[in-house]
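**Q** just coords:
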């Protein structure tokens, strides 16, 4: 056995998505990082060993403009390009390559940390080191650093260090939570095993093992949904162990889950009720995907009311959007639905104070063990949201190591620096603007070769009966002075249109009615019907326009997306069976669905010009939709043409680094494995070929050329700093979209 000591600035224990993002974030800020993981592959529940879909704030397309950016966003977009089929092993490779790309990050796989050296009183603990055993290598490794991150999920490191934690469900009175039980208990969400099936092309028999459960003697065939073509996360409801100890009873839970999986497959193959003669098992998981165990106590405990109230914490460092998603304690054997869901009206915010320990001075955490009540944890636990918290915790850890301060002290004295550092790295914080004094782009005058000033979708490729209420969302900047709809009328009738505000700038639901207009329409096809809707809001924001149902009317639908515009239908049928998911259809985010209308808006045109796509948006401070799209959009590129955006300082300035954020359409729902596939491998709105030119003594000179970009966030360091009075970013080609679209430009000396 070999004894080793590794000294780092930051030690991250746990290589799930939260740990990966934490480690990469700290390394990108120049810190020496040790990432320690007890499995042979990275990814935790998302890895090829467990194969859970990476879900997040989009909630499978329920939330609008909600896909994560930052490191998690990079992973989504890169996987979309490399792995459109959703191969779990290729997802493993995307994660591994992302970690190995950081030169200051040391990765330790197959290393189980189970020793912690900590000291201090109960109220003021301090971790000196953690020690792990690298299986298969006979190496015992001690990790020393000033800052530690527990991203283990189960929270073992923090537990051994003496960190305060909660286990089970809090009583309703503690945080005033409607979904909490009257009396506190130790019940948690259960664990799940998944399986894959495939078509063999010939008859395949299945002889069940002796331990396979006869599921006809359980509620499963009646209370759950079984289909021969489903596999993987379609069977997320194969869940059990919520009434046990999900960690100490892990092996018992695994055995029960195995018995049910093989029982389900026996039922599919041998009951005669399914067309499964030529199907076979491809893979069965052996590591239960845990949902819940310890939740550490931070300086703030996120609760149900914070989530549903979308509280805009001053120290917000991430967001979520998955519903509060709680499961019955009996799991797959329960009589009620497999899950019940409560939605906010949009995304919610997560505070930094929920990411560090209230009593262990140098401990941060991220993932499913953060400081949240059991009810709030029902939404924060999904992996893409865990990843965002991981990036925030890793960024905080790097700043703590740099400054020699505790995570709490960073909150007290360096909160704005933490948030601004995250924004510079393209992390996901909603509603915070760039205030970086070192970004000299903010001092420049901005102009462009052309700008979209008209909101109009005029090319209809399909007709949709107005059998239920429909809606359009679009930016109003600075005012609205009427719009037209393209429609058919089977006979003379009347069309009612209502104009609504969305309330919060991060929301995309009707919240306050501004106006209503009723217009008579004659029988006929292809008519542009005008509506005199006028609105000049106090600040730029989105309009939600409702078209009330009328079975005599057909709207025209386009097959061409339009950035900043969304279409909705009211009361669409749910995509999930009620046996599996219990949603309240009256909650606005559920009531108004965009899922079947993604990239296929209704045809309409706005009478007034818009400034929502002006060149100045690239230095406006916002990197995500918030009260509008917050980006520059050109007119359509001409064949063999190009569009440009120019920053002019009016004086010579030194330039060494340029940061560009291209539009990767965060409304597009991406996923890592086999949930669905988009018709493109690269987001079409991303610029593909572009160049950067600098004006030096009146002459434009090319300083950067890129020919095959597929990334949202591009950091361009110049080999030699340039003295110039102006920069031009010239877009030669997109990845399929008709216009050039650029969210933000930052420039540093």
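**A** Noted; the coordinates are in hand. Nothing here was measured: the structure is a model prediction, and the numbers come from that model.

**Q** my read: residue 212 touches residue 263, true?
**A** Yes. Counting by C-beta atoms under 8 Å, residue 263 is a contact partner of residue 212 at 4.6 Å. Placement of C-beta: from N, CA and C, glycine included.

**Q** can you check what pLDDT the model gives residue 574?
**A** pLDDT, residue 574: 63.

**Q** kindly report the same for residue 371.
**A** According to the prediction, residue 371 has pLDDT 98.

**Q** which residues touch it?
**A** 295-302, 353-355, 358, 365 (C-beta atoms under 8 Å, 6 or more residues apart in numbering).

**Q** one more: residue 642?
**A** 449, 730-732 are the contacts of residue 642 under C-beta under 8 Å, 6+ apart.

**Q** can you classify residue 385 by secondary structure?
**A** helix (DSSP: H, G, I helix; E, B strand; the rest coil).

**Q** quick one: it from residue 36, how far?
**A** 23 Å (C-beta to C-beta, to the nearest Å).

**Q** so between the two, which is more surrounded?
**A** residue 385 (32 against 28; other C-beta atoms under 10 Å).

**Q** what residues are up against the more buried one?
**A** 56-57, 68, 318-322, 350, 379.

**Q** those: which two are farthest apart?
**A** Largest separation among the contacts of residue 385 by C-beta to C-beta: 68 and 379, giving 14.0 Å.

**Q** paired strands for the longest strand seen in the chain, with orientation please.
**A** Criterion DSSP state E: the longest strand present in the chain is strand 713-734. Using DSSP bridges, strand 713-734 pairs in its sheet with strand 643-662 (antiparallel), strand 687-696 (antiparallel).

**Q** show me what the helix or strand just after it is packed up against.
**A** Remark: after strand 713-734, the chain's next helix or strand is strand 741-748, criterion DSSP states H and E. In terms of contacts (3 or more C-beta pairs under 8 Å, 6 or more residues apart in numbering; DSSP states H and E), strand 741-748 is packed against strand 632-633, strand 643-662, strand 713-734.

**Q** strand 741-748 versus strand 713-734: what angle between them?
**A** Strand 741-748 and strand 713-734 are oriented at 140 degrees to each other (axes from the mean of the first three to the mean of the last three C-alpha atoms, to 10 degrees).

**Q** could you say which helix or strand holds the residue nearest to residue 598 when sequence neighbours are not counted?
**A** Spatial nearest neighbour of residue 598, excluding adjacent residues (C-beta to C-beta, 6 or more residues apart in numbering): residue 61 at 6.8 Å. Residue 61 belongs to no helix or strand when assigned by DSSP H and E.

**Q** residues contacting residue 61?
**A** Counted by C-beta under 8 Å, 6+ apart, residue 61 has contacts 594-595, 598, 669.

**Q** now it. Its backbone dihedrals?
**A** Per-residue torsions, residue 61: phi 90, psi 10 (degrees, to the nearest 10).

**Q** again, but for residue 16
**A** phi -70, psi -170.

**Q** how near is it to residue 132?
**A** Taking C-beta to C-beta as the measure, residue 16 falls 16 Å from residue 132.

**Q** tell me which of the two has more neighbours.
**A** Between residue 16 and residue 132, residue 16 has the larger neighbour count (other C-beta under 10 Å), namely 28 against 24.

**Q** ok, that one - contacts?
**A** Counting by C-beta under 8 Å, 6+ apart, residue 16 makes contact with 42-46, 151, 153, 367, 383, 386.

**Q** for the contacts of residue 371, pick the one with the most neighbours.
**A** Ranking the contacts of residue 371 using other C-beta under 10 Å puts residue 365 first, with 36 neighbours.

**Q** what's the neighbour count on the closest residue to that one other than its chain neighbours?
**A** If the residues on either side of it in the chain are set aside, residue 365 comes closest to residue 150, at 4.4 Å by C-beta to C-beta, 6+ apart. Per other C-beta under 10 Å, the neighbour tally for residue 150 reads 37.

**Q** separation between residue 150 and residue 364?
**A** 8 Å.
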